[in-house]
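S.K.: With the sequence up front, the predicted model follows.
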Amino acid sequence: MGRMSRRAFAVAALAALTPASSAAAVPRHPQYPRDPRLTTEMRGMWVATVANRDWPSRAGLSASQQRAELIAHLDTAVRNRLNTVIFQVRPTADAMWPSPYEPWAQYLTGTQGKDPGWDPLGTAVAEAHARGLELHAWFNPYRIANHTDPQRLAASHPARRHPDWVLTYGGKLYYNPGLPQVRGFVQDAMLDAVRKYPVDGVHFDDYFYPYPVSGQTLDDDAAFYWYGGGFASRADWRRDNINRLVSEMLSRVKTIRPSTQFGISPFGVWRNAATDSRGSDTRAGVQTYDDLYADTRMWVREHWIDYICPQLYWHVGNAAADYAKLLPWWASVARGSGTRLYVGEALYKAGDAAQPAAWQDAGELSRHLTLARKHPEARGHVFFAAKDVTRNRIGGMARVVADHYAQSARSPR
């Protein structure tokens, strides 16, 4: 379905509905007044909860300790003149809010399904809004677990009730994207949060079909047999499965909460030019179209998402994927599409001794933002991730703030 018809469907559906009710407005914190001189650009950071990457710092902290750590991340965002926090609330087919669909995330208490005694997502939304921050709820659609033992999941876990939904691949468990009932379930589970909380955005990252693992085959033969008829190849069928997830989520998000944005942050290479003349001047080992079955370019051109935030996690001059070549490629893709382009930035690499020399220079990320100023399609940046914003290793984040964030900015709408 073309861009206008798909969008027109969503708009028509909205016109017939009364806007969904939302939680009562939270008074703005007096310490964070609205600046009338604000510019407009995305300035975001991801808060990753999987494996306790950013928050909470470890499983088993008390509710008050967890809450204090979460608020500290929000305050760090404010101090760095950011305006958006992208908070991972469904890291492994679980929940950072009281969900009727899936168990509490194990990263809170150490035990999947155990009530932590408070509502992290509800608190995050309220406290972010009180500080003038947007809060985007970040979901991983298909990952179930970073292990292969279903018995380690909570007894109530849907993957245990529906073992036919589950694929084992690369040492992990995934829901099978090829099953229509799985697609409907994961959407329902994610949209429960959109109904309950006035989130400013719904956010997917780069995980759709799993990243390829050498020597292993993803066994979705049965699903392809039942649902793959009419497709020229299994790859085309897999891409259609992900396309359906994306386009359906757009319509459903807008129906429930019209002002909520829907955005995706994919791996930064759609296809190499050697594979497809429309691709980027890169030689990346992974291409989202071919390896993750995610046609990210089409989502932008068809305007199935409000924003795309490709993870351009390479330095300027990288031989396989040069930031200075990928940025204009993505700008050209976004041009005229109606889809906003934000750029995902690898703050975690700054000062990491294992990274190339470019990442030992505190000015590398600042140069990325300078390059982006030349492309009006680039409407801002998101930094991975919260712990690294706080750490500010070698002063990379401080340099960005000093060079580019002299005053506050509103997130684009």
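M.R.: Everything's here; your move. Numbering: from 1, shown residues only.
S.K.: For burial, what's the neighbour tally of Trp226?
M.R.: Taking other CB atoms under 10 Å as the criterion, the count of residues near Trp226 is 11. Every residue, glycine included, has its C-beta placed from N, CA and C.
S.K.: how many other residues sit next to the nearest residue to Val47 once chain neighbours are set aside?
M.R.: In space, not counting the residues next to it along the chain, Val47 is nearest to Ala386; the distance is 4.4 Å by CB to CB, 6 or more residues apart in numbering. Residue crowding around Ala386 was assessed by other CB under 10 Å; the count is 29.
S.K.: can you give me the strands for the stretch 301-413 of the chain?
M.R.: In the stretch 301-413 of the chain, the strands defined using DSSP state E, counting those that start in this stretch lie at 307-308, 340-345, 378-383, 409-410.
S.K.: Of those strands, which is nearest Arg67?
M.R.: Each of the strands of the stretch 301-413 of the chain was checked against Arg67 via CB to CB, and the shortest separation belongs to strand 378-383, namely 23.0 Å.
S.K.: ok, that closest one: who's next to it in the sheet?
M.R.: Strand 378-383 has these partner strands in its sheet, going by DSSP bridges: strand 42-47 (parallel), strand 340-345 (parallel).
S.K.: right, so the ones you listed: which one is the most enclosed?
M.R.: Of all the strands paired with strand 378-383, strand 42-47 carries the top mean neighbour count, a mean of 27, counting by mean count of other CB atoms under 10 Å.
S.K.: What lies in contact with the helix or strand that it is followed by?
M.R.: Taking DSSP states H and E as the definition, the helix or strand that follows strand 42-47 towards the C-terminus is helix 63-79. With CB atoms under 8 Å, 6 or more residues apart in numbering as the contact definition, helix 63-79 has outside contacts at 32, 45, 47, 54-57, 61, 83-85, 108, 116-118, 120, 123-124, 127-128, 131-133, 386, 389-390.
S.K.: The helix or strand just after helix 63-79 to strand 378-383, inter-axis angle?
M.R.: The C-terminal neighbour of helix 63-79 among helices and strands, as given by DSSP H and E, is strand 84-90. Taking axes from the mean of the first three to the mean of the last three CA atoms, to 10 degrees, strand 84-90 and strand 378-383 form an angle of 50 degrees between their directions.
S.K.: tilt between strand 84-90 and helix 63-79?
M.R.: Using the same axes, to 10 degrees: strand 84-90 against helix 63-79 is 150 degrees.
S.K.: which other helices and strands contact strand 84-90?
M.R.: Contact analysis of strand 84-90 by 3 or more CB pairs under 8 Å, 6 or more residues apart in numbering; DSSP states H and E lists strand 42-47, helix 63-79, helix 120-130, strand 134-139, helix 180-196, strand 201-204 as its packing neighbours.
S.K.: In the chain, which helix is the longest?
M.R.: Longest helix of the chain, by residue count under DSSP state H: helix 234-256.
S.K.: and the angle from it to helix 180-196?
M.R.: Counting by the same axes, to 10 degrees, helix 234-256 points 30 degrees away from the direction of helix 180-196.
S.K.: Which neighbouring elements make contact with helix 234-256?
M.R.: Here helix 234-256 touches helix 3-15, helix 180-196, strand 201-204, helix 221-227, strand 261-264, helix 296-301, going by 3+ CB pairs under 8 Å, 6+ apart.
S.K.: out of those, nearest to Arg90?
M.R.: Taking CB to CB as the criterion, Arg90 comes closest to helix 180-196 out of the helices and strands packed on helix 234-256, the separation being 6.3 Å.
S.K.: chain center to the closest one, what's the gap?
M.R.: Taking CA atoms, centre = their mean, to the nearest Å, one finds helix 180-196 lying 16 Å from the centre of the chain it belongs to.
S.K.: Flag every buried residue along that helix.
M.R.: Within helix 180-196, the residues that qualify as buried are 182-183, 185-187, 189-194, 196, counting by 16 or more other CB atoms under 10 Å.
S.K.: cool, stretch 220-238 as well?
M.R.: Going by neighbour count (16+ other CB under 10 Å), the buried part of stretch 220-238 is 220, 223-224, 227-228, 234, 237-238.
S.K.: got CSV for those residues, with distance to Arg373 and pLDDT too?
M.R.: Putting the buried residues of stretch 220-238 into CSV (distance: CB to CB, whole Å; pLDDT from 0 to 100) gives the following:
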residue, distance to Arg373, pLDDT
Asp220, 44, 98
Ala223, 46, 98
Phe224, 46, 98
Tyr227, 46, 98
Gly228, 46, 97
Arg234, 43, 98
Trp237, 41, 98
Arg238, 38, 98
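S.K.: still on that earlier bit, quick one: closest of the strands paired with strand 378-383 to Arg283.
M.R.: It is, among these and with distance given as CB to CB, strand 340-345, at 19.9 Å.
S.K.: Take the closest one, keep the C-alpha atoms, and write them as CSV.
M.R.: Extracted in CSV, the C-alpha atoms of strand 340-345 (Å, rounded to 0.1, in the frame of the first residue of the first chain):
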residue,chain,number,x,y,z
ARG,A,340,12.2,12.8,10.5
LEU,A,341,15.8,11.7,10.6
TYR,A,342,17.6,11.6,13.9
VAL,A,343,21.1,10.1,14.2
GLY,A,344,22.1,7.5,16.7
GLU,A,345,25.5,8.3,18.2
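S.K.: contact partners of it?
M.R.: Strand 340-345 is contacted from outside by 42, 44, 263, 265, 268, 300, 306-313, 327, 330-331, 333-334, 365, 368, 372, 377-384, 412, using CB under 8 Å, 6+ apart.
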